[in-house]
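Visitor: sequence below, structure please.
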Amino acid sequence: MVFPTIGHLRQAIQEYIIHNKVPIKYAKNDKQRIRAHCDEDCSWFLFAALDSRTQSWVVKNFIGQHTCSREWELKQFTAKYLAARYIESFRANDKMSLKNFARIVRLDFNMTPFRSKLQRARRLAMKKIHGDELKQYNMLWDYSAENFAKKWKGDVFKNKLWAIARSYTHADWMRNMEEMKLHMPIWRYILDARELPILSMLEKIKNKLMTRFYSKNKECEEWAGNICPKIRKKLDK
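Guide: Reported below is the predicted structural model:
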């Protein structure tokens, strides 16, 4: 057996430990060699070394038979491992509950980690998917400047803000705010996206708005005339 890097070798050993539920341990190793063994009474053994010619890791000696019993508490069964294993599941369903996550892990491994480990795993997976929150906040000004530049040409946005600020009566303020809302209905979609990091939240809201605009345009194509059905009903009264 040949592995391109020591990382690939260690990952393969970790997968073997978890799927076979055996207490594999590493002996004292160095940059050129790796030794792994099972319990003292078990004959399982692995020795791998770095091939200086190919710079790959080659298994030189391997005894694959176990004479030990299975273990159900494995330190290699970490939150980081679970996050990497199920990252695509979280990418497909970022609302997956811990209860459903635990059920999937139990079906796959016949083990149920503590709730705290599942929480850490989900947090790591979501961080990997959506990016580091601090990094996203640092990018926020660039993101907002780019989007505002596309939507608000010239002094349009500034003028609308000043119109709100200069409102003399509550009625004027409400009217100007409603006009702003017509152009920026962003808060309608905040609830579903508010748990995401800031840029991922904005991207999700943007996608929802684009989907809504498309669906509304398709509805308009089916209108009979130039007046929308709701307004027509009011006029007919």
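
Visitor: tell me how far T78 lies from I104.
Guide: 17 Å (C-beta to C-beta, to the nearest Å). (C-beta placed from N, C-alpha, C; glycine too.)

Visitor: of the two, give the one with the bigger neighbour count.
Guide: Each of T78 and I104 has its neighbours counted (other C-beta atoms under 10 Å); T78 has more, 17 against 13.

Visitor: distance of that one relative to A49?
Guide: From T78 over to A49 (counting by C-beta to C-beta), the distance is 27 Å.

Visitor: try K117
Guide: To A49, K117 is 34 Å away according to C-beta to C-beta.

Visitor: can you map out the helices along this structure?
Guide: 6-20, 79-85, 87-92, 98-109, 115-130, 133-138, 140-151, 156-165, 170-183, 190-193, 198-220, 229-236 (DSSP state H).

Visitor: W72: which of these is closest?
Guide: Nearest to W72, of all those, is helix 98-109, at 9.8 Å by C-beta to C-beta.

Visitor: which residues of this structure score low on pLDDT?
Guide: Low-confidence segments of the chain (pLDDT under 70): 132-158, 161, 180-199.

Visitor: who's the closest spatial neighbour of Q119, skipping the chain neighbours?
Guide: L98 (6.5 Å; C-beta to C-beta, 6 or more residues apart in numbering).

Visitor: correct me if wrong: the one you found contacts R120.
Guide: No: using C-beta atoms under 8 Å, L98 makes no contact with R120, being 10.9 Å away.

Visitor: the two: which is more packed in?
Guide: A count of neighbours by other C-beta under 10 Å puts R120 above the other of L98 and R120, at 17 against 13.

Visitor: what about that one, distance to I18?
Guide: For R120 relative to I18 (C-beta to C-beta), the value is 17 Å.

Visitor: what's the domain layout of the chain?
Guide: Following the assignment in automatic domain parsing, the chain carries domains at 2-63, 79-130, 191-237.

Visitor: got CSV for the helices of the chain, with distance to F45 too?
Guide: Below are those laid out as CSV (distance: least, C-beta to C-beta, whole Å):
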stretch, distance to F45
helix 6-20, 12
helix 79-85, 24
helix 87-92, 33
helix 98-109, 25
helix 115-130, 30
helix 133-138, 44
helix 140-151, 54
helix 156-165, 69
helix 170-183, 69
helix 190-193, 52
helix 198-220, 46
helix 229-236, 76
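
Visitor: show me the one of the domains of the chain that comes nearest A163.
Guide: domain 191-237 (23.0 Å).

Visitor: what's the spacing between the closest residue in space to I129 that isn't next to it in sequence and D41?
Guide: Excluding the flanking residues, the one nearest I129 by C-beta to C-beta, 6+ apart is R91, at 5.5 Å. Going from R91 to D41 by C-beta to C-beta gives 43 Å.

Visitor: who has more neighbours, these two?
Guide: With other C-beta under 10 Å as the criterion, R91 and D41 differ in neighbour count, and R91 comes out ahead with 13 against 7.

Visitor: verify the stated contact: the more buried one with K128.
Guide: No: proximity of R91 to K128 does not meet the contact threshold set by C-beta under 8 Å, at 9.1 Å.

Visitor: so who does V22 touch?
Guide: Each residue near V22 by C-beta atoms under 8 Å, 6 or more residues apart in numbering is listed here: Y16, C38, C42, W44, H66, C68, R70, E71.
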